[in-house]
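Q: Below are the sequence and a predicted model for it; my questions follow.
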Amino acid sequence: NLTLVQILANDDEITAFGAPQTVAVSPDGKHIYVGTTTSQNLHAFARNENTGELTSIQINAEWLGSSFESGLWAKATVISPDGNHVYHLTGTYNGPCILSTFNRDPETGLLTYVGMVGGSPYGTDGIEGYAGNLLVTNDGARVLVGSGSPDGILTVFDRNSTSGILTLRNVIQGAAGEIGSGRSIALSSDDRFLYAVGGGGDSPWQLVRYTRDSPGSDYFIDEVLEVAPGSSFDPGDITRIAIPRDGLQAFILDYSERRLVVLPRNPDTGDITMDAVASYQSSGPGDLRVTPDGMTVAVTSIFGGGIT
């Protein structure tokens, strides 16, 4: 069970903290980084490892300059596995997106702005307006940006482990709009398989599997996974996917059906069996997280702000 420890809000100590949107926890558990829907600011907090309470230590607004677009908000925030860099994706619904890099001091948690990719015109550096998903591979070598546009764009950057600087490697796009995925992306723990979900509304739902043959090779679209006839899994509007570290399941949020669905997965082949082994109702599922030990799955609700 969860017990409320603390509520953080806009006040004299924490400013420009309207509508938190993204949260990233450092690998050592000492610091939390939060982006909001009201600005490009990135807030840094120190975390008490005994109580879990947070203390504001920095608001990164000084990196915003005339070269940045106005009116952008946080879309995703991630930290490299070595804990040395923070990547912060900001943008609008379908306008220009910016991916910013920060150095992180492991002792203090303070951030120093390094640089950015993206911005106007739309699609610069392969980041298009619908981008909203961000991952660092578990080996720390690449940063992946997923797009929820009808074209299903996956943008791959090489990451310099020393400086944190990103260099565009390649852009993978679904042929003729057939792969409308990228609303949510998830990696297997060995980085071999990448999954992206998309569709819903006027677009058909799809789950796409990307594969790479070796750590140094590129991802390619391996298979578009489809629901088998008669399956107990009849998806509606799929918004999130997560893969636990052992790789034995795929957890999927179905927003239209208000549920969390568990699908069997083969960790050796990457195959996901499109037939639900379990389904749990959830009121307006928003986000989906799996704890590092794989023992707990948490689903947030956009109706009432609850956590299941």
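A: Cool, the structure landed.

Q: CA only for contacts and neighbour counts going forward, please
A: Noted.

Q: just so I have it, where are all the strands in the stretch 1-150 of the chain?
A: Using DSSP state E, counting those that start in this stretch, the strands of the stretch 1-150 of the chain run over residues 20-25, 31-36, 42-47, 54-60, 73-79, 85-91, 97-104, 111-118, 131-136, 142-147.

Q: With mean pLDDT and mean neighbour count as added columns, please give these in a markdown table.
A: As requested, the strands of the stretch 1-150 of the chain are arranged in a markdown table below (pLDDT from 0 to 100; neighbours: other Cα atoms under 10 Å):
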| stretch | mean pLDDT | mean neighbour count |
| --- | --- | --- |
| strand 20-25 | 84 | 17 |
| strand 31-36 | 88 | 24 |
| strand 42-47 | 90 | 22 |
| strand 54-60 | 85 | 17 |
| strand 73-79 | 87 | 24 |
| strand 85-91 | 89 | 27 |
| strand 97-104 | 89 | 24 |
| strand 111-118 | 86 | 18 |
| strand 131-136 | 84 | 25 |
| strand 142-147 | 88 | 23 |
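
Q: which stretch among these comes nearest Ile7?
A: Of all the strands of the stretch 1-150 of the chain, it is strand 54-60 that lies closest to Ile7, at 9.3 Å by Cα to Cα.

Q: quick one on the thing from earlier: could I get the strands of the stretch 1-150 of the chain in a markdown table, plus columns for distance to Gly294?
A: Listed next are the strands of the stretch 1-150 of the chain as a markdown table, based on distance: least, Cα to Cα, whole Å:
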| stretch | distance to Gly294 |
| --- | --- |
| strand 20-25 | 16 |
| strand 31-36 | 21 |
| strand 42-47 | 22 |
| strand 54-60 | 25 |
| strand 73-79 | 19 |
| strand 85-91 | 24 |
| strand 97-104 | 27 |
| strand 111-118 | 30 |
| strand 131-136 | 18 |
| strand 142-147 | 22 |
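
Q: Tell me which of these sits nearest to Ile153.
A: Minimum separation from Ile153 across these (Cα to Cα) falls at strand 142-147, 5.3 Å.

Q: Output the contacting helices and strands for that closest one.
A: Where contact means 3 or more Cα pairs under 8 Å, 6 or more residues apart in numbering; DSSP states H and E, strand 142-147 is packed against strand 131-136, strand 154-159.

Q: mind listing what the first one pairs with, with the direction of each?
A: When sheet partners are counted by DSSP bridges, strand 131-136 sits next to strand 142-147 (antiparallel).

Q: swap in the last one?
A: With DSSP bridges as the test, strand 154-159 is paired with strand 142-147 (antiparallel), strand 166-172 (antiparallel).

Q: Minimum distance to Gln249: which of the strands of the stretch 1-150 of the chain has it?
A: Nearest of these to Gln249, taken as Cα to Cα: strand 131-136 at 19.2 Å.

Q: Give me the angle between the closest one and strand 85-91.
A: Relative orientation of strand 131-136 versus strand 85-91 (axes from the mean of the first three to the mean of the last three Cα atoms, to 10 degrees): 170 degrees.

Q: Not counting strand 131-136 itself, show me its contacts.
A: Strand 131-136 is contacted by residues 75-81, 89, 94, 97, 142-149, 182-186 when judged by Cα atoms under 8 Å, 6 or more residues apart in numbering.

Q: swap the cut-off to 6 Å and go again
A: Contact with strand 131-136 is made by 75-76, 142-147, 184, as judged by Cα atoms under 6 Å, 6 or more residues apart in numbering.

Q: Out of the residues you listed, which is nearest to His85?
A: Taking Cα to Cα as the measure, His85 sits nearest to Val143 out of the contacts of strand 131-136, at 11.4 Å.

Q: tell me the contacts of the closest one?
A: Taking Cα under 6 Å, 6+ apart as the contact definition, Val143 lies against 135-136, 156-157.

Q: possible to save the residues you listed as a markdown table with distance to Tyr210?
A: Below are the contacts of Val143 laid out as a markdown table (distance: Cα to Cα, whole Å):
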| residue | distance to Tyr210 |
| --- | --- |
| Leu135 | 14 |
| Val136 | 15 |
| Val156 | 12 |
| Phe157 | 16 |
